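**Student:** below are the sequence and a predicted model for it; my questions follow.
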Amino acid sequence: AQKITQTQPGMFVQEKEAVTLDCTYDTSDPSYGLFWYKQPSSGEMIFLIYQGSYDQQNATEGRYSLNFQKARKSANLVISASQLGDSAMYFCAMRERRSGANSKLTFGKGITLSVRP
Amino acid sequence: DAGVIQSPRHEVTEMGQEVTLRCKPISGHNSLFWYRQTMMRGLELLIYFNNNVPIDDSGMPEDRFSAKMPNASFSTLKIQPSEPRDSAVYFCASSWARGSSDTEAFFGQGTRLTVV
């Protein structure tokens, strides 16, 4: 079964507007971390934001915020005031922390975001 | 810190040849991951190590693939013999993790492998 699900087709947003990229996850582990990465056309993987399963507040990093809904097992990325440089592939990832072992980091299929001028 | 360093950046080889990809993780990190990225399959986890020990290699496609981590500062991913379907970008990533605490994974620039 897929651990991380990103089902949106290619997303488009107008420059300076906000956009939400969806991510749902599946785990029975009470302790886990959720991550978002950006991959521009140049190919590098850039870390954006992190949310721990026990964090009381939604994570924010500059223009990035994470809409964490634990009961629904969703961790959507919100990008405010989109810029042309935000055009890229975005990946959601999860790391489960089973007791006694450090677990693997699993990625979703990714979502392509295009920002229109 | 220079970040995660992978070599080579590009590799073109003939089918049947042995290919070795190299990775130097960030100093102090104790988890190392090897991923393969293709258009069709996305970003697949091949294997990961904790404290130099392979923990989960269930993502390794077949026996032609092997990975080692002889010490905390070096890992290799070997394909022998290589096949055209192995063509992909291979990423190495490292992070620090202990108990319920961890950092994000830092990725290398990737190795673009083409098998002809």
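**Tutor:** Nice, thanks for sending it over.

**Student:** tell me if I'm right that A:Glu17 and A:Ile79 touch.
**Tutor:** No: in this structure, A:Glu17 is not within contact of A:Ile79 by Cβ atoms under 8 Å, at 9.4 Å. In short, each C-beta sits where N, CA and C put it, glycine included.

**Student:** neighbour count for these two, which is higher?
**Tutor:** Taking neighbours as other Cβ atoms under 10 Å in any protein chain shown, A:Glu17 and A:Ile79 compare with A:Ile79 leading, 23 against 12.

**Student:** how much space separates the residue nearest to that one when sequence neighbours are not counted from chain B?
**Tutor:** In space, A:Ile79 comes closest to A:Val19 once its chain neighbours are excluded; the distance is 5.2 Å by Cβ to Cβ, 6 or more residues apart in numbering or on different chains. Remark: distance between A:Val19 and chain B (Cβ to the nearest Cβ, to the nearest Å) = 21 Å.

**Student:** which is the next helix or strand following the helix or strand of chain B with the lowest mean pLDDT?
**Tutor:** Within chain B, no helix or strand scores below strand B:101-102, which has a mean of 70 by mean pLDDT, DSSP states H and E. For strand B:101-102, the succeeding helix or strand toward the C-terminus, using DSSP states H and E, is strand B:106-107.

**Student:** who's in contact with residue 48?
**Tutor:** I'll assume chain A. By Cβ atoms under 8 Å, 6 or more residues apart in numbering or on different chains, the contact set of A:Leu48 is A:35-38, A:61, A:64, A:77, A:90.

**Student:** hmm, I had chain B in mind actually
**Tutor:** A:104-105, B:31-34, B:54-56.

**Student:** now, of those residues, which are buried?
**Tutor:** Among the contacts of B:Tyr48, those buried by neighbour count (16 or more other Cβ atoms under 10 Å in any protein chain shown) are A:104-105, B:31-34, B:54, B:56.

**Student:** helices or strands up against the lowest-mean-pLDDT helix or strand in chain A?
**Tutor:** Least confident element among the helices and strands of chain A, by mean pLDDT, DSSP H and E: strand A:105-107 (a mean of 89). Counting contacts by 3 or more Cβ pairs under 8 Å, 6 or more residues apart in numbering or on different chains; DSSP states H and E, strand A:105-107 is packed against strand A:88-96, strand B:42-50.

**Student:** what packs against the next helix or strand after it?
**Tutor:** Reading on from strand A:105-107 to the C-terminus, the next helix or strand found by DSSP H and E is strand A:111-116. Under the contact criterion of 3+ Cβ pairs under 8 Å, 6+ apart, strand A:111-116 touches strand A:11-14, strand A:19-21, strand A:88-96.

**Student:** next, the angle strand B:42-50 makes with the last one.
**Tutor:** Between the axis of strand A:88-96 and that of strand B:42-50 there is an angle of 40 degrees, by axes from the mean of the first three to the mean of the last three Cα atoms, to 10 degrees.

**Student:** what pairs with strand A:88-96, parallel or antiparallel?
**Tutor:** In its sheet, strand A:88-96 lies beside strand A:32-39 (antiparallel), strand A:105-107 (antiparallel), strand A:111-116 (antiparallel), with partners assigned from DSSP bridges.

**Student:** just the pLDDT for the residue nearest to A:Ile79.
**Tutor:** As predicted, A:Val19 sits at a pLDDT of 97.
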